[in-house]
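*Asks:* only geometry, no sequence info:
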């Protein structure tokens, strides 16, 4: 037994000292959660603390071979020799462990991480911890790619960068003597609605007053990595501003191409890779391309033609996740140098991109050099160790051992790590299940090329699985021993191959041990030659029955005693002693508590079980006297009372047959005290009675009041006379009402006529077509004399 088998012990020893070993081991609880065990390999797969005893004759009569599987302590306690216990242990080896470099000036590639390659063979569920060391090398190479937004609003920033080239180079040389710098620029996709596609505007997208303006473009790689300061200044001075329509830019397009076009950019294999992105606006992301009818998703591949992104107008913008994936995959650390109004946006973006920093640019970017230096120092002093994607059944956690400590988790983080300072991480790897084949994955700090390759496989086979003796005497010469178990030849079965199955096959023999096609021997015995050999229970008794279906220890208990101490358990059922009853023999056979004061048992409306009444539905204990949920007797027996007392109602013709439930009734002058029942009979008279339920479900006696309360007969003549008078009066009133309505209407029409007549003005007019019969002609020359 080693401490490796007990991962919690190692940590406790560090905290408590060597003297704590006996205490820890005694208090540490190791469990073996056994499942279906048919072999040593099955046992090892069952749990991290399961061990196998291969000792011959270890199994006692009635025990399964699965009893060989248990914890180390349990097997020792049961008599298994320590040398016969099989328990594979985790195996760790380092196949490549080169010492860390102190400076990048050493020959060859600088080493910042060790070990570089390890091999792990793990038992399922048993973790293994090893130490990973990291040390920042002095003068480690740096590749800085300056990626600039050349939209029109960045005009003053471009002028500043043209004057800061020398200062930027000097700052880089202050970080490392092996520094290189490159340059790229971007605007946006040259399609609507991102850019004005008018040919004149495409060629000159800036304001009319701007003389030096280059045509719109998506992303352009301007200068590959170089140590030549003059070349950098010359290329930057050639740059001219451009423009687009909307506010967000094609930022993610540019970052993606800069990350995946490594050979074109000139990234070195062993260097700290930085992208410094300067912009004053937001960014488009996956899905925005649909606004321009661009539906093809970004495939994260390089498309550079004559230093221009050739698929800018054919492929959608990448998602933030795609960009983060490629930056991490290519060990590139972005620094977002943005204006104050965009700080919040890019800080949210930075949260989704590991190993990235955000700095705030001044209005004309004159502080960009200081911003880059500060961001680089923050990035390089923070060491974050993580790993590749893993299968679901493999877990890796980290415990930082840096000066300020840190929590354990799926990443290891150390802050404020200086140049030349070594920090360590305890890496714990656990394989929860057996794996089909070996897998490999990488562990390393984000943003660094240095990686540890872990080759992982699982130990799911016992060394003793290979047979040693063929036709072993232990197996009656009919089989071979595998890990203490007999593997029988064809035609023989049994723990020691003692059963010859002859012409039968093994499956038919095993079928005889199954009841109703269920589990073999109910899982409580071994099927030997078609007969169940039942196991022994921990208490000493055994299962029994043809299929081991019976046992005498699982009957119901009462007061923590099997069958209440008043009976015997027989095949899961209690057989009670005389005078006792119940499923656990918990009751005396007595009806004393069930008898009413009158002596009846449960009022005839229930049965007495365990000296308590079990009442019919609706009736209540203790004596089943009342039934609150039942319909009231006053209603259900009303028709019988009418029939018995006054020979009326629906049962009047067969009263004796219909009303047998009322065994006795009396006609009385007065009813006993209490609220009586009353019903209305067919003559609308109220019948008053009192009814009492006797023992039994439907047995009553009744007392009926002789005098009914009937309503008085009405005066027929008064009713008829009053009706006639009423109808006559109503008729006369209706006629008078109609007469008044007509009179009022006529009066209204008359007044209207008179008003119109008064407004009429008659005048005398001649008929224009009338000619009189007499015509008088005057002689104009006649003077009248």
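*Replies:* Arrived safely, thanks for sending. None of the values given here were measured: they were computed from a predicted structure.
*Asks:* Hmm, residue 481 is touching residue 55, no?
*Replies:* No: contact criterion CB atoms under 8 Å: residue 481 and residue 55 do not qualify, at 11.0 Å. (C-beta placed from N, C-alpha, C; glycine too.)
*Asks:* Counting neighbours, what do you get for residue 757?
*Replies:* The local packing of residue 757 (other CB atoms under 10 Å) involves 8 other residues.
*Asks:* is it fair to say it lies in a helix?
*Replies:* Yes: counting by DSSP: H, G, I helix; E, B strand; the rest coil, one finds residue 757 located in a helix.
*Asks:* how much space between it and residue 700?
*Replies:* In this view, residue 757 and residue 700 are 93 Å apart by CB to CB, to the nearest Å.
*Asks:* Might you list the low-confidence residue ranges for the stretch 101-250 of the chain?
*Replies:* Across the stretch 101-250 of the chain, the ranges flagged by pLDDT under 70 are 104-107, 208-211.
*Asks:* all helices for the stretch 201-350 of the chain, in order.
*Replies:* For the stretch 201-350 of the chain, the helices defined by DSSP state H, counting those that start in this stretch cover 229-238, 251-260, 262-265, 320-329, 343-351.
*Asks:* what lines up beside the strand of greatest length in the chain in the sheet?
*Replies:* In the chain, taking DSSP state E as the definition, the longest strand is strand 422-431. Sheet partners assigned to strand 422-431 using DSSP bridges are listed as strand 128-135 (antiparallel), strand 394-400 (antiparallel).
*Asks:* Mean neighbour count, the helices of the stretch 201-350 of the chain: which tops it?
*Replies:* For the helices of the stretch 201-350 of the chain, the largest average neighbour count (mean count of other CB atoms under 10 Å) is found in helix 251-260, namely a mean of 27.
*Asks:* Domain ranges for this structure, per the record?
*Replies:* 1-29, 31-88, 92-137+385-458, 142-381, 469-534, 557-588, 633-705 (automatic domain parsing).
*Asks:* ok so, going back, list the helices and strands the helix or strand following the longest strand of the chain packs on?
*Replies:* Following strand 422-431 in sequence order, the next helix or strand is strand 439-445 (DSSP states H and E). Packing contacts for strand 439-445, counted by 3 or more CB pairs under 8 Å, 6 or more residues apart in numbering; DSSP states H and E, involve strand 383-387, strand 452-458.
*Asks:* In which helix or strand does residue 607 reside?
*Replies:* Using DSSP H and E, residue 607 maps to strand 606-609.
*Asks:* from the middle of its chain, how far away would stretch 446-455 be?
*Replies:* 33 Å (CA atoms, centre = their mean, to the nearest Å).
*Asks:* Next, the buried residues of it.
*Replies:* Within stretch 446-455, the residues that count as buried by 16 or more other CB atoms under 10 Å are 446, 447, 448, 449, 450, 451, 452, 453, 454.
*Asks:* for stretch 591-602, same thing?
*Replies:* Of the residues in stretch 591-602, those buried (16+ other CB under 10 Å) are 594, 595, 596, 600, 601, 602.
*Asks:* repeat for stretch 720-727
*Replies:* For stretch 720-727, the buried set under the neighbour-count rule, 16+ other CB under 10 Å, is empty.
*Asks:* Quick one: mean pLDDT for that stretch?
*Replies:* For stretch 720-727, the mean pLDDT works out to 88.
*Asks:* Report the contact partners of residue 550.
*Replies:* Counting by CB atoms under 8 Å, 6 or more residues apart in numbering, residue 550 makes contact with 543, 544, 570, 571, 572.
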